[in-house]
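Engineer: based on what follows, work out the 3D shape:
(one chain, ligands or ions: 1)
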Amino acid sequence: MTTISLALDTPELAQAYEHGSDRQFNHGKLLIEALGVRRGQRVLDVGAGTGRLAAHVAEIVGPEGSVVAIDPLPLRVDIARKKARDNLTTAVGHAEDLSAFSARSFDVVYLNSVLHWLDALQKQRALGEAARVLKPGGKLGFNTQARERPHQIEPVQRKILAELGKEAPGAAPYNHKVTVDEVQTLLRRAGFIVDTVEIRTFVDHAADVDEILKQSRSGSFGNHLSHLSPDERREVRDRLAKELEAWHTPQGIRLERNLIFAIAHTASN
Ligand SMILES: C[S@@+](CC[C@H](N)C(=O)[O-])C[C@H]1O[C@@H](n2cnc3c(N)ncnc32)[C@H](O)[C@@H]1O
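Structural biologist: So this is what the prediction gives:
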């Protein structure tokens, strides 16, 4: 059973994600590059959020190709829908149920920054569904947080929550991360031929702790620290600000993140 809620999103969080998700967008562009998406292809973006990456991919596949962008959060699909055009359609939908789509109907399926939000069963179903809707020789790509190398800020947040007696294994930042080995196993079990599975490290800078928390909340569609009261959240914020004082650089608070990038394909027939 999933411990991540899809009922905590708000119009403000959806807008904050649309305007504050450059990081995910840039990781997504690298994923699309690794997948070698090209003109004329039919592509499925699973967990497309507000559709920024899907709109970018629609440019790449051009009028001879098409992109379908699905996400379970209606408020985010509302924003994605504004980007719809002849070769880009949007719909509310879940990774683990792609029954709206025919078997062998896409050249490429990708999940950008989505897999760690799915529990074990959802992951298995999502990859099985991706294998079903891909054409023979079709490509799957995703990036996801690496369990064996968590983002630099995570142990700090865990420590603060532990100090407050508020650790909650089910709640973000305790999402459903996997390791490189687990990704390999998941892909093979779903019938994929694995091309590459590797951890990539990214460094970025945040202006302040409030920006970090805003991004965490919008990126987790309201799940981040959702088990805390407003007072407890303020306490976490203040402690985090103190812990991160040493991390300030002239560019802002320096943060290192690690993502698994995976590319696989289905057999040719
Ligand atoms: C960090 S956002 C990434 C959004 C987008 N892919 C991007 O790159 O900006 C995570 C997304 O995963 C979606 N998600 C959560 N559970 C999902 C599920 N069961 N099936 C598909 N998407 C899901 C959320 O709705 C959210 O939009």
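Engineer: quick one: distance of stretch 247-258 to the chain centre.
Structural biologist: 21 Å (Cα atoms, centre = their mean, to the nearest Å).
Engineer: that stretch near the ligand at all?
Structural biologist: No: Stretch 247-258 stays clear of the ligand (Cβ under 6 Å from any ligand atom), getting no nearer than 12.4 Å. Every C-beta, even on glycine, is put in place using the N, C-alpha and C of the backbone.
Engineer: repeat for stretch 175-193
Structural biologist: No: using Cβ under 6 Å from any ligand atom, we find that stretch 175-193 stays clear of the ligand, coming within 10.0 Å at best.
Engineer: quick one: buried residues of that stretch?
Structural biologist: Buried residues in stretch 175-193, counted by 16 or more other Cβ atoms under 10 Å: 175-178, 180, 182-184, 186-187, 190, 192.
Engineer: okay if I get those residues as a markdown table plus distance to Phe261 and pLDDT?
Structural biologist: Output for the buried residues of stretch 175-193, formatted as a markdown table (distance: Cβ to Cβ, whole Å; pLDDT from 0 to 100):
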| residue | distance to Phe261 | pLDDT |
| --- | --- | --- |
| Asn175 | 18 | 80 |
| His176 | 18 | 92 |
| Lys177 | 14 | 94 |
| Val178 | 13 | 96 |
| Val180 | 10 | 98 |
| Glu182 | 15 | 98 |
| Val183 | 10 | 98 |
| Gln184 | 13 | 98 |
| Leu186 | 14 | 98 |
| Leu187 | 12 | 98 |
| Ala190 | 17 | 98 |
| Phe192 | 15 | 98 |
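Engineer: in CSV, list those residues along with distance to Leu228.
Structural biologist: Below are these laid out as CSV (distance: Cβ to Cβ, whole Å):
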residue, distance to Leu228
Asn175, 16
His176, 20
Lys177, 21
Val178, 26
Val180, 32
Glu182, 29
Val183, 31
Gln184, 36
Leu186, 31
Leu187, 36
Ala190, 36
Phe192, 39
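Engineer: return the closest of these with respect to Ser99.
Structural biologist: Nearest to Ser99 among the buried residues of stretch 175-193, counting by Cβ to Cβ, is Ala190 at 16.4 Å.
Engineer: skip the chain neighbours and tell me the closest residue to the closest one.
Structural biologist: Nearest residue to Ala190, sequence neighbours excluded (Cβ to Cβ, 6 or more residues apart in numbering): Leu127, at 3.7 Å.
Engineer: cool, Leu259 as well?
Structural biologist: Closest residue to Leu259 apart from its sequence neighbours, by Cβ to Cβ, 6+ apart: Asn143 at 4.6 Å.
Engineer: who is the residue in the stretch 101-250 of the chain that the ligand sits nearest to paired with across the strands?
Structural biologist: In the stretch 101-250 of the chain, the residue that lies nearest the ligand is Asn112 (3.7 Å; Cβ to the nearest ligand atom). When bridges are called by DSSP bridges, Asn112 pairs up with Asn143.
Engineer: for the helix-or-strand element of the chain with minimal mean pLDDT, packing partners?
Structural biologist: Ranking every helix and strand in the chain by mean pLDDT, DSSP states H and E puts helix 154-163 at the bottom, with a mean of 93. Packing contacts for helix 154-163, counted by 3 or more Cβ pairs under 8 Å, 6 or more residues apart in numbering; DSSP states H and E, involve helix 230-243.
Engineer: so what are the sheet partners of the helix or strand that the helix it packs on is followed by and their directions?
Structural biologist: Going down the chain from helix 230-243, the next helix or strand is strand 248-249, by DSSP states H and E. Paired strands of strand 248-249, with direction, are strand 252-265 (antiparallel) (DSSP bridges).
Engineer: quick one: the strand it pairs with to helix 154-163, angle?
Structural biologist: If you take axes from the mean of the first three to the mean of the last three Cα atoms, to 10 degrees, strand 252-265 sits at 110 degrees to helix 154-163.
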